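# could you work out the structure for the sequence below:
(2 chains)
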Amino acid sequence: MLQRHFRALIAISALCLTAQPAFAQGKTGIVKIGINEQLSGTFVAVGVPPAGGVKMAIKEINDKGGFVVGDTTYRFQVIEVDNKSQTATAVAAMNQLVNDDKVSVVFGPTLGALAVQAQEVSVAGKVINFSAATPWQTLGHLSGTAKPLLFGTQNSLALTSAMEVQSLMQLGVKKVAYLSLDDDTTKGNLPAFLAAAKNAGLAVETILVPPNTTDWSSFVTRAKGENVDGIYFLQPQVLAPDVLRAILELKVPLKAFGGRALEPTVALKVNDGKPLPFVFFSQLPTPSFEYPANARTKAYTDRLKAFDARAAGANAGFSFWTYDYVFMLVEAMKKAGTVTDNAKIAAALGTITYDGVAGKICFGKEMRTASLDGGQVHVRDAKIEAKAVASACK
Amino acid sequence: MILFLQHALNGISLGAVYALIAVGITLVYGLSRIIHFAVGELVMLGAYVAWETWRLTGSHTVGLAAAAAVLAVIGMITERGIFRFTLREPLTGFIVSLGLIMILQGIGIEIWSADPRRADPPLAGSWDVSGLIFRKQVAINIGVSLLVLLAAYAVLMKTRYGKAVRAVADDPSAAALMGVPVRFIIMTTFIVGAALAGVGGWVVLTNGSISPFVGEAYLLRGFAVALIGGLGNVQGAAVAGVGMGVAESLAAGYGSPGWNDAYVFGIVILILLWRPTGLGRGSSGAHL
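Here you go, the predicted structure:
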């Protein structure tokens, strides 16, 4: 009997010696993080990569034994809910996460229309809510003191739009057609572009097209009729080849065609391999995996591919809107000395600069929207020229 | 003036697809009184069949033939497996077709994912005629659609089969007494309607990207065109299809493009208020 107890004692002692520091310190805890994303439905491509970024970060943190705040070691528990790309489901998902699952922090939804509705629940539940949704910026949710727990994980629209307008003007464009789907995402982005264009003296003809547009001829002809010398195409980016084909075949005389997060290789393929008769440019809202190549993002995407192949697809860059922010959240919890007082954690988040895979990340003082690395790509005479644009954080 | 003509030309291209779809809807309605709402999803399936065939063979011509043939088979399967059980209750058939939209879209997402797909255009470039630009592929698409519609019209008007179809449309009971195999004839309209949607899908693919949601854009328009042309009126559907395409293109060119659907369906409402059975004679009976 004694021998058996002695063996058990040795086993427990050995376990304590080999266990992670958390176990040695004795006190452990769980921090629940919710994910409310489009894991199915029309906008699945916008939801899977950000969800993958959160889950990979959580796994990496938990695999290292969690994180210590005060005298307690915490691990994250992730609760993921599919909002099916529908607003009502996104609100229900947020209700479940906040009120039933009692999470402290929610990532998503990334989709603007859903995020606008769902944040009402997270704000009421006093939960920290991260999202890249641009309407949060334009609706003023990220400034002032009314909704201090909402954090935008995408670069400031004002800054991005100013760079895009500057690019167009540097390419000699005097009047640009702003071509995009008529939806909440576009409406969230358009005001910043119009403001930047007005400041710079660039004339803009806004052409918003109905959802599910398959034939762009009428809209491109409209732009041609307005005598524009540049076309800015916001979204959906995957349809840029169709728009370019219509521009080429309808012989619209342009100096430049560009947009946000457009795939540069499109410019090499769309004209039967011949150079485009105008300059193509793409403003990248996150670091790129290729333009220019970056060892840090390369290592990241390799890890993401191994972790979640779906998240590492064509829109893998969207995972930059979540991955680093989980680590940043840990830093903020450590700095605030709490994992439960969200007001203190939010205040700490505003003071941190985190050096992550998306560069140096910090939140603005006047607007709680992040600054992270981006890039700019030009395609001239079938040659791709890319440069990184560093975040504004010190 | 050139700009106006350019918009009209763009509209004819759009309208060709609407006409193909509307003729299918109107044929099915003319004989079965079922409003086949899932026809937009048949366009989507046709586009994917054409895309898969193009990937395998590199040929758009084979893709066109495959889209029409495979969709014809799908049309037969849906009639034999589903719609024939609803022939006595056309409203049930209509509701079943609504369910089919969800099922076919789900199948599309499951097989091809939600990401858009595209094929290399069969014919790139354009002709410039005194400032009026004719996109080569668009010209081909209009030609193909016109040929298919003319062929459908010729079959309906000039063959024994067409005579049987018209007889069933006019009075199924009398046609049956005359020895016309009514159920078989009705089945063939589902086959022809689906094959026309398959051709429409090929046209959509050659114009640009496709996704499992591409049918949504054509569903309401195809149905609206069938209404304007007069349900059951093939010629009316063809003409109304082109008319709607031109109206839509002009609305995009001169109105607020975001309101395109509102303009187009506003016109549809006005026309139907003025002529409840459509511009062609419809609804009260088929006019094939």
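# contacts, neighbours, all on C-alpha from now
Fine.
# quick check: buried residues in the helix or strand hosting B:Gly201?
Element membership for B:Gly201 (DSSP states H and E) is helix B:182-207. Residues B:182, B:185-207 are the ones in helix B:182-207 that count as buried (16 or more other Cα atoms under 10 Å in any protein chain shown).
# repeat for stretch A:109-119
A:Pro109, A:Thr110, A:Leu111, A:Gly112, A:Ala113, A:Leu114, A:Ala115, A:Val116, A:Gln117, A:Ala118, A:Gln119.
# I'd say the third one and A:Ala133 touch.
In this case it means A:Leu111. Yes: with contact defined as Cα atoms under 8 Å, A:Leu111 reaches A:Ala133; the gap is 5.7 Å.
# any chance of TSV for the buried residues of stretch A:109-119, columns distance to A:Ile35 and pLDDT?
Output for these, formatted as TSV (distance: Cα to Cα, whole Å; pLDDT from 0 to 100):
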residue	distance to A:Ile35	pLDDT
A:Pro109	8	97
A:Thr110	10	95
A:Leu111	13	90
A:Gly112	15	87
A:Ala113	16	84
A:Leu114	13	93
A:Ala115	12	95
A:Val116	16	93
A:Gln117	15	95
A:Ala118	12	97
A:Gln119	13	97
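# can you put the residues you listed in TSV and add secondary structure and distance to B:Ala124?
TSV is the format used below for the buried residues of stretch A:109-119 (DSSP: H, G, I helix; E, B strand; the rest coil; distance: Cα to Cα, whole Å):
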residue	secondary structure	distance to B:Ala124
A:Pro109	coil	40
A:Thr110	coil	37
A:Leu111	coil	35
A:Gly112	helix	36
A:Ala113	helix	37
A:Leu114	helix	39
A:Ala115	helix	41
A:Val116	helix	42
A:Gln117	helix	44
A:Ala118	helix	45
A:Gln119	helix	47
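# from the residues you listed, which single one is nearest B:Ala66?
A:Leu111 (37.5 Å; Cα to Cα).
# how far away is that closest one from B:Leu156?
In this view, A:Leu111 and B:Leu156 are 49 Å apart by Cα to Cα, to the nearest Å.
# quick one, what contacts whatever residue of the stretch 1-150 of chain A ends up closest to chain B?
Proximity of the stretch 1-150 of chain A to chain B (Cα to the nearest Cα) peaks at A:Thr42, 6.6 Å away. Neighbour list for A:Thr42: A:Lys84, A:Ser85, B:Ala114 [criterion: Cα atoms under 8 Å, 6 or more residues apart in numbering or on different chains].
# same question, B:Ala164
B:Ala175, B:Val180, B:Ile185.
# now, among these, which is nearest to A:Val204?
Using Cα to Cα, these come closest to A:Val204 at B:Ile185, 56.3 Å.
# what residues do A:Leu111 and A:Ala133 have in common as contacts?
Applying Cα under 8 Å, 6+ apart, one finds that A:Leu111 and A:Ala133 are jointly contacted by A:Thr185.
# is stretch A:100-120 in proximity to chain B?
No: Stretch A:100-120 stays clear of chain B (Cα under 8 Å from any Cα of the partner chain), getting no nearer than 15.8 Å.
# and that stretch, how far apart are its ends?
Chord length of stretch A:100-120, first to last residue, is 16 Å (Cα to Cα).
# again, but for stretch B:115-132
34 Å.
# tell me the contacts of B:Phe94?
Neighbours of B:Phe94 in contact, by Cα under 8 Å, 6+ apart: B:Ile34, B:Ile35, B:His36, B:Phe37.
# how many neighbours does the second one have?
Neighbouring residues of B:Ile35 were enumerated by other Cα atoms under 10 Å in any protein chain shown; the total is 24.
# may I ask which helix or strand encompasses it?
Counting by DSSP H and E, B:Ile35 is part of no helix or strand.
# what's it sitting at in phi/psi?
Here is the backbone geometry of B:Ile35 (degrees, to the nearest 10): phi -90, psi 110.
# try A:Val106
phi -130, psi 140.
# so it touches A:Val31, yeah?
No: contact criterion Cα under 8 Å: A:Val106 and A:Val31 do not qualify, at 11.4 Å.
# tell me what the longest helix that chain B contains is packed against?
Longest helix of chain B, by residue count under DSSP state H: helix B:2-32. Under the contact definition 3 or more Cα pairs under 8 Å, 6 or more residues apart in numbering or on different chains; DSSP states H and E, helix B:2-32 sits against helix A:217-225, helix B:39-57, strand B:132-135, helix B:136-158, helix B:160-170, helix B:182-207, helix B:214-229, helix B:234-254.
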